[in-house]
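Engineer: the sequence and its predicted three-dimensional model are supplied below.
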Amino acid sequence: MNTQERIHIVKTNYPSPNQVLLILLIVLASFGMGLIPIIYGFSSSPKAQEIVAPSQAALWSALGEAE
C-alpha cells in the first residue's frame, strides 16, 4: 500500500432497511409487553365486588384489643 493512497469511506445519511426493521420490531415488542399487565389486570379482576366497611372493633382487633 502506498502512503499516498487514501481510503474513502462512504457514509449514508439514511438508515439501512435492516435498521428500520429492527427499530420497528423493538417498538412493536415494547407495545406488546406493555399491554400484558393491562390485559392481565382486566382479565383477573372479579366481576362483582362486595364493598366491606370495617367497623371500629375490627380495626382495634388487629392490635389485640378486646371488644
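Structural biologist: Looks like it arrived, so ask away.

Engineer: going forward, measure contacts between C-alpha atoms and count neighbours the same way
Structural biologist: OK.

Engineer: list the helices and strands the longest helix seen in the chain packs on?
Structural biologist: Counting by DSSP state H, the longest helix found in the chain is helix 17-44. Other elements packing on helix 17-44 under the criterion 3 or more C-alpha pairs under 8 Å, 6 or more residues apart in numbering; DSSP states H and E are absent; no helix or strand qualifies.

Engineer: so which bits of it are buried?
Structural biologist: Neighbour counts over helix 17-44 (16 or more other C-alpha atoms under 10 Å) mark no residue as buried.

Engineer: residue 12: neighbour count?
Structural biologist: The number of residues packed near residue 12 is 7, by other C-alpha atoms under 10 Å.

Engineer: is it in a helix, a strand, or coil?
Structural biologist: Following DSSP: H, G, I helix; E, B strand; the rest coil, residue 12 is assigned to coil.

Engineer: pLDDT-wise, which helix or strand of this protein ranks last?
Structural biologist: Across the helices and strands of the chain, the lowest-confidence element by mean pLDDT, DSSP states H and E is helix 56-61, at a mean of 66.

Engineer: tell me where the model's unsure across this protein.
Structural biologist: In the prediction, the chain carries residues with pLDDT under 70 at positions 1-3, 45-54, 56-67.

Engineer: ok, 90 please
Structural biologist: Applying pLDDT under 90 to the predicted model, the residue ranges of the chain that meet it are 1-20, 40-67.

Engineer: any idea how far residue 6 is from residue 28?
Structural biologist: Spatial separation of residue 28 from residue 6 under the definition C-alpha to C-alpha, to the nearest Å is 43 Å.

Engineer: now do residue 34
Structural biologist: 50 Å.
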